[in-house]
Every structure is written in structure tokens, then in C-alpha cells.
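> Prediction below, plus the sequence it came from.
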Amino acid sequence: MKAALGIFTPSAHVISVRYHGPQFQHKTMDVNSLEWQQLIEPQDLKENYDVTRCNLSNTLIQVKQEIAKEHNMVLKLKEMGYVASMLQTGGMNHAGSIEKIDGGYYQFTYNFDGDHVWWLISYDVEEELTEDEPYNSLEEDEFLNYILQLKDIKKI
């Protein structure tokens, strides 16, 4: 499969490099250069990357696998009518979030480095960990089914 490159932004958006633009932290690219054109054109999937959709254009993009998995889970939950989004958790770390009816939220991550496990952690309205036991699963479908059986997640 081919897809253009995407990035995870400091504002927790997953967007194509084309929509991000040529300004990067340590480099500004010439939009007429071959290097820029290669970044914005579909290319073979890079190692440890996976495909998701750009938040701005809804086109297929490739980003690091753990970001793609979390973002795709957010997209599935939104399609099912739940309030879900990506989070930037500091230092460009990332997670998915599902709002609770009471104002708290669940945070989920996919641990790509090591054991390939999905984790779900509960936070209260003050953003403190709740006493609920964290849930984990090796299987994406099992993880999604667990989320869907939760009674306190907020619908759109």
C-alpha cells in the first residue's frame, strides 16, 4: 500500500505533511524541491509505519504505527458516536481519549515498543487516576469491545 507521509502535531492532530506545510522545527523546505515533492506524494509504507486518515483532508496518510493505531481507534469510536480524540501527553507523546459522562475521561495507548499491548486507564474530572484497574489487551477487537461495554462513556 502507498500513502503520503503524515505527522502528529503538538496540538494532537494527525495530518499529512502537505497540510502541515514546509516549516519544520529545524528545517524549512522549498515546496518546489524534489525532496518536498517526495514527501507529499504517496510512497511505499515505511517500516514501523501504518495507514490512517488526515484530520484535515480525510486522505490516507502513513504515520508511526502506534500513532496510526491510536488514531484509527479514535476514528472508529467517533464513527460510532462517541466523543473521542487524540491527546498530546507531553514531549510529543500521544494517546487516545474517550470522554466520560461525568467529565472524566479514559486514556488509551498502543505500546508498540515491546509488547504490542493496548492499555486503557481511567481519569476523573480533576485528571487524577481513578481506582479502576487499568485494562489491557493484545487484541484490537477485544479492546474495542471492552470500551464499548463501558456504561460511562459520552456519546456525541
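Yes, it's here.
> and the residue most central in space within the chain, which of the three is it?
Centroid-nearest residue in the chain, with C-alpha atoms, centre = their mean: residue 71, separated by 2.8 Å. State at residue 71, reduced to three classes by DSSP: H, G, I helix; E, B strand; the rest coil: helix.
> Just checking, which helix or strand succeeds the lowest-mean-pLDDT helix or strand in the chain along the chain?
Sorted by mean pLDDT, DSSP states H and E, the helices and strands of the chain end with strand 23-24, the least confident at a mean of 85. The helix or strand immediately downstream of strand 23-24 is strand 27-28, counting by DSSP states H and E.
> What lies in contact with that next one?
Contact with strand 27-28 is made by residue 22, as judged by C-beta atoms under 8 Å, 6 or more residues apart in numbering. Bear in mind the C-beta positions are built from the backbone N, C-alpha and C, glycine included.
> Show me which positions of the helix or strand following that strand end up buried.
Per DSSP H and E, the first helix or strand lying C-terminal to strand 27-28 is helix 34-40. Residues 39-40 are the ones in helix 34-40 that count as buried (16 or more other C-beta atoms under 10 Å).
> now helix 34-40: mean pLDDT?
For helix 34-40, mean pLDDT rounds to 88.
> what pairs with the residue lying closest to residue 43 once chain neighbours are set aside across the strands?
Nearest residue to residue 43 in three dimensions, chain neighbours excluded: residue 2, at 5.9 Å (C-beta to C-beta, 6 or more residues apart in numbering). Going by DSSP bridges, residue 2 is paired in beta bridges with residue 44.
> Would you check that residue 2 makes contact with residue 46?
No - the pair residue 2 and residue 46 fails to qualify as a contact (C-beta atoms under 8 Å) at a distance of 10.8 Å.
> No further questions, thank you.
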